[in-house]
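Q: Below: sequence and its predicted model.
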Amino acid sequence: MRTDDFRPSDNVEDDREASAARGGLPGGAGGIGIGTIIIVGLISWYFGIDPSVLLNGAQIFTGGGSVSQQSGTAPPATRGTPNDPTGKFVALVLGSTEDTW
């Protein structure tokens, strides 16, 4: 995808740090994959066990560490065009979408 002619949007809210502070999604560095989630889901359905108990155990087993609640507030989302390559790409695609629609 060529983004040379795209206008970057200023309507980007970069919430990645706040999402990571809230725990994010499983599957990141040290997280569990979709295969593990499917297998745990099938096992919990077959044995009638709560899947969250098995998923927390699987996350500890795969090196995700213990599951704990973090206290404090998450950092606020930043507005405007991000400075990293992924954020810039998202801003360019959003700008193109805004111009098209």
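A: The structure has been received and is ready for your questions.

Q: Now the longest helix seen in the chain: average pLDDT?
A: Secondary structure assigned by DSSP state H gives helix 85-100 as the longest helix of the chain. Across helix 85-100, the average pLDDT comes to 87.

Q: Quick check: buried residues in stretch 89-101?
A: Neighbour-count burial for stretch 89-101 flags 90-92, 94-96 (criterion: 16 or more other Cβ atoms under 10 Å). The C-beta positions use only the backbone N, C-alpha and C, and glycine is treated the same way.

Q: would TSV of those with distance to residue 79 be doable?
A: Converted to TSV, the buried residues of stretch 89-101 look like this (distance: Cβ to Cβ, whole Å):
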residue	distance to residue 79
90	13
91	11
92	16
94	13
95	15
96	19
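
Q: Out of those residues, which is nearest to residue 3?
A: residue 92 (4.4 Å; Cβ to Cβ).

Q: dump the residue contacts of that closest one.
A: Residue 92 makes contact with 3, 6-9 under the criterion Cβ atoms under 8 Å, 6 or more residues apart in numbering.

Q: Kindly report the same for residue 50.
A: When contacts are taken as Cβ under 8 Å, 6+ apart, residue 50 is in contact with residue 44.

Q: any idea how far it is from residue 56?
A: Applying Cβ to Cβ, to the nearest Å, the value for residue 50 to residue 56 is 10 Å.

Q: again with residue 91
A: Distance from residue 91 to residue 56, counting by Cβ to Cβ: 36 Å.

Q: now residue 13
A: 30 Å.

Q: which of these two has more neighbours?
A: More crowded of residue 13 and residue 56, by other Cβ atoms under 10 Å: residue 56, with 15 against 11.

Q: pLDDT value on the more buried one, please?
A: 74.

Q: begin at 36 from here
A: Sure thing, new numbering starts at 36, so read that last one as residue 91.

Q: What's the first helix or strand after the worst-scoring helix or strand of the chain on mean pLDDT?
A: Lowest mean confidence among the helices and strands of the chain (mean pLDDT, DSSP states H and E): helix 51-56, at a mean of 67. Sequence-wise, the next helix or strand downstream of helix 51-56 (DSSP states H and E) is helix 69-82.
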